[in-house]
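In: can't give you the sequence, but here's the structure:
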């Protein structure tokens with residue numbers, strides 16, 4: 001308690017108070033039949049660096065919007081953080097958090113009217129992928145992939161066979177796994193699983209042929225040559241082999257693998273603690289532009305994917321083919337086509353790309369609206385355009401600005417815009433995080449406060465999920481009965497393990513909290 005609460009937590013809270021604006025991020029998780037909510041703060045420190053820091057764990061008795069909002073307000077009061085300085089809330093998109101009527105964000109805004117809600121961009125990106133993959137042919141392909149991964153990974157014997165087949169063509173000493181299970185929550189690990197599945201496709205087919213048809217016996221070691229397989233394994237392997245050697249499965253898999261790969265990089269970049277809303281908006285805009293260009297020249301781009309599918313199919317003895325067409329079809333795409341390539345382009349690839357574009361526009365509409373209000377603060381954009389209209393942002397935060405009536409004067413003054421025009425385009429600050437470091441607070445007080453508020457806007461709630469991962473290591477079965485205060489103190493020590501601790505201060509504070517007649521001293525240093 002002394003190290004975690006009195007030293008680490010107190011130091012972080014003092015830093016949060018300095019700007020004085022901050023954002024609260026929260027996300028509830030279940031541990032040993034208890035709802036635990038990690039609470040984090042995003043703020044700009046005295047060195048003008050964006051920080052996201054863990055504050056505390058709190059136990060929830062209920063997960064309704066009213067109960068969670070009350071707990072958040074009570075935690076801020078316990079930490080001595082003024083809720084009037086709360087400027088944003090960052091949660092996931094669950095109804096109890098995001099509802100405009102009874103959600104947490106609505107109830108917190110009753111005490112902090114300027115604390116607008118921001119939906120986690122990482123969750124938005126996952127929703128883009130999930131909704132895009134609801135296309136029937138893509139959904140069926142992913143279900144079959146998951147069944148193949150489960151078939152091998154849930155049996156040491158079957159997985160050992162696959163690893164032996166892979167080891168014949170993979171150099172010795174390689175640590176690459178043959179298969180990785182599909183992650184249910186994050187796209188970047190799932191993209192890695194797709195990559196492994198593609199690279200091991202022929203090996204998986206060979207392993208399924210060994211189990212279901214007893215082929216390739218001469219290529220196996222003594223451990224698996226002539227090995228007996230139970231009937232359930234044979235039947236399931238035969239079913240999966242039939243699914244994987246379908247040309248429809250191969251094309252749908254490659255369409256998914258190729259056209260969702262650009263989103264993996266954004267998933268990683270959004271996880272950065274120093275990511276600001278303008279940088280996130282620029283990343284999403286570049287992705288939208290990529291898919292827009294891809295759609296314009298899609299015929300040539302899809303030909304490359306189709307040829308790749310033909311090569312992969314030929315490696316396992318599969319000929320290109322398309323499902324039969326009929327007069328009426330309600331359960332799958334049935335557009336007429338003169339060739340196999342045209343059929344898959346019209347019925348699979350084009351609807352999939354259009355789904356991705358529509359979902360990106362829909363899910364990130366709120367991010368775009370908020371970011372465009374602040375683009376005029378970024379020198380790289382300010383120097384390329386006329387003085388932007390920041391009236392919405394000035395009106396919203398008029399009470400936080402020292403002199404809002406002078407905002408247009410500050411933007412038009414020579415030092416702020418023209419000192420960046422002398423620099424090359426690559427050297428100009430391209431985000432709010434970089435711009436605030438180049439802003440003189442004394443000369444541009446209003447711009448500095450707006451940049452400070454812009455840096456405070458949360459992009460994702462990943463920091464809460466990182467903190468929730470610490471619960472798995474701390475709140476173990478043997479420690480399931482620990483109190484909330486002890487869990488918070490251990491969490492602070494674990495998450496902020498690099499925080500410098502002065503042992504003399506620890507001994508002094510402990511002695512003050514628990515006075516005794518016996519004199520306490522630091523036996524480590526004395």
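Out: Nice, thanks for sending it over. This one's a predicted model, so the numbers in the text were calculated from it and none came from an experiment.
In: which other helices and strands does the host helix or strand of residue 254 contact?
Out: Residue 254 belongs to helix 247-260 when elements are defined using DSSP states H and E. In terms of contacts (3 or more Cβ pairs under 8 Å, 6 or more residues apart in numbering; DSSP states H and E), helix 247-260 is packed against helix 136-153, helix 187-199, helix 298-314, helix 340-344, helix 350-363. Where you see a C-beta, it was placed from the backbone N, CA and C, and this is true even at glycine.
In: least reliable of these going by mean pLDDT?
Out: Lowest mean pLDDT within the helices and strands packed on helix 247-260: helix 187-199, at a mean of 81.
In: angle of that helix against helix 136-153?
Out: With axes from the mean of the first three to the mean of the last three Cα atoms, to 10 degrees as the basis, helix 187-199 and helix 136-153 are set at 80 degrees to each other.
In: report the angle between helix 187-199 and helix 247-260.
Out: 140 degrees.
In: hmm, who's touching helix 187-199?
Out: The contact list for helix 187-199, computed with Cβ atoms under 8 Å, 6 or more residues apart in numbering, reads 125-126, 129, 145, 148-149, 176-183, 204, 253-254, 256-257, 260-261, 263-264, 267-268, 312.
In: and stretch 2-13, by the same measure?
Out: Here stretch 2-13 makes contact (Cβ under 8 Å, 6+ apart) with 41, 53-56, 79-81, 485, 488-493, 496, 499, 501, 505-506, 509-510, 513.
In: can you do 7 Å?
Out: Residues from elsewhere that reach stretch 2-13 (Cβ atoms under 7 Å, 6 or more residues apart in numbering): 53, 55-56, 79-81, 488-490, 492-493, 496, 499, 501, 505-506, 509-510, 513.
In: same check on stretch 239-259?
Out: When contacts are defined by Cβ under 7 Å, 6+ apart, stretch 239-259 is touched by residues 137-138, 141, 144-145, 147-148, 151, 194, 198, 204-205, 208-209, 212, 305, 308-309, 312-313, 316, 318, 320-321, 323, 344, 348-349, 352-353, 356.
In: repeat that for stretch 79-93.
Out: Counting by Cβ under 7 Å, 6+ apart, 13, 16-17, 20-27, 55, 73, 76, 97-98, 104-105, 108, 111-112, 114-120, 123, 453, 456-458, 461 sit against stretch 79-93.
In: can you mark which positions in that stretch are buried?
Out: By neighbour count on 16 or more other Cβ atoms under 10 Å, the buried set for stretch 79-93 is 79, 81, 85-92.
In: now it: how far from the chain's centre is it?
Out: Taking Cα atoms, centre = their mean, to the nearest Å, one finds stretch 79-93 lying 21 Å from the centre of the chain it belongs to.
In: quick one: low-confidence parts of the stretch 201-350 of the chain?
Out: Residue ranges of the stretch 201-350 of the chain with pLDDT under 70: 273-274, 325-334.
In: can we see that at 80?
Out: Residue ranges of the stretch 201-350 of the chain with pLDDT under 80: 265-281, 324-337.
In: show me where it has its helices.
Out: Listed in chain order, the helices of the stretch 201-350 of the chain (DSSP state H, counting those that start in this stretch) span residues 201-213, 231-244, 247-260, 262-270, 277-296, 298-314, 340-344, 350-363.
In: residue 31 - how many residues pack around it?
Out: Per other Cβ atoms under 10 Å, the neighbour tally for residue 31 reads 17.
In: also residue 110?
Out: Residue 110 has 10 neighbours, counted by other Cβ under 10 Å.
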